[in-house]
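**Student:** Just the structure for this:
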Amino acid sequence: MKYFYSKTKPNILLHAVVNLENVISENFTEHGNIKRVEIAPPEQFLQTSLLKFNKGPVTKAHKHLWKTPPEKTITQESMVVIKGRIKFIMYDLDDEILDEVNVESGGLTLTFQGGHTYEALEDDTIVYEYKTGPYYGQETDKKWI
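**Tutor:** Numbering: from 1, shown residues only. Next comes the predicted model:
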C-alpha cells in the first residue's frame, strides 16, 4: 500500500494505491474466521479493508444502524470477491432472511439497508470490503441479528 499526502498540507491524506500482492504480504489481524488488513484510516468516509476467509461462516448476521442527527446516515457496505466464492445471505427490514446468493470471483455485493452475513465457500477466499464511514465503533454502527 502506498499513501499520498498533500504537498501544501502534508497532514491531509489524498490518495492510496493498493496492489493485491503487496496487501497480502501485510500483517493480518485475526477476528475469528476473518483475517483483515485495514486499508483506509477509520476517520475516512470510504472505509476499505482486505479480508481473507477460510471455508465456513464469516460474520454474525448484522445490520447497520441509522446515525442520529446531525449525520442522518447509515453505513452501506460492498464486497468485491477477488479470489474464491462466498455465500451472501441477505436479511429484510424485519430481520428475516430475504435471499441467499453465491458470489464468484469478480463478483460484487452491495448492501444499502437490511441485514447481511457472508459464508466463505472456499479456503483462502479474498475480498475487498468497502463501507461508508467514518467508523465510530460497533456500538454505534451495528445491531446483531
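
**Student:** what are the ranges of the strands in this protein?
**Tutor:** Along the chain, counting by DSSP state E, strands occupy 2-5, 13-17, 29-31, 34-38, 46-53, 56-57, 62-64, 77-83, 86-91, 97-103, 108-111, 116-120, 125-132, 142-144.

**Student:** okay if I get the ones you listed as a markdown table plus mean pLDDT?
**Tutor:** Formatted as a markdown table, these follow (pLDDT from 0 to 100):
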| stretch | mean pLDDT |
| --- | --- |
| strand 2-5 | 86 |
| strand 13-17 | 83 |
| strand 29-31 | 82 |
| strand 34-38 | 86 |
| strand 46-53 | 87 |
| strand 56-57 | 86 |
| strand 62-64 | 90 |
| strand 77-83 | 91 |
| strand 86-91 | 92 |
| strand 97-103 | 92 |
| strand 108-111 | 88 |
| strand 116-120 | 93 |
| strand 125-132 | 92 |
| strand 142-144 | 88 |
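
**Student:** Not counting its neighbours along the chain, what's nearest the residue positioned nearest the centre of the chain?
**Tutor:** Closest to where the C-alpha atoms of the chain average out (Cα atoms, centre = their mean) is Glu129, at 3.1 Å. Nearest residue to Glu129, sequence neighbours excluded (Cβ to Cβ, 6 or more residues apart in numbering): Ser49, at 4.7 Å. For the C-beta atoms, the positions are set from N, CA and C on the backbone; glycine is no exception.
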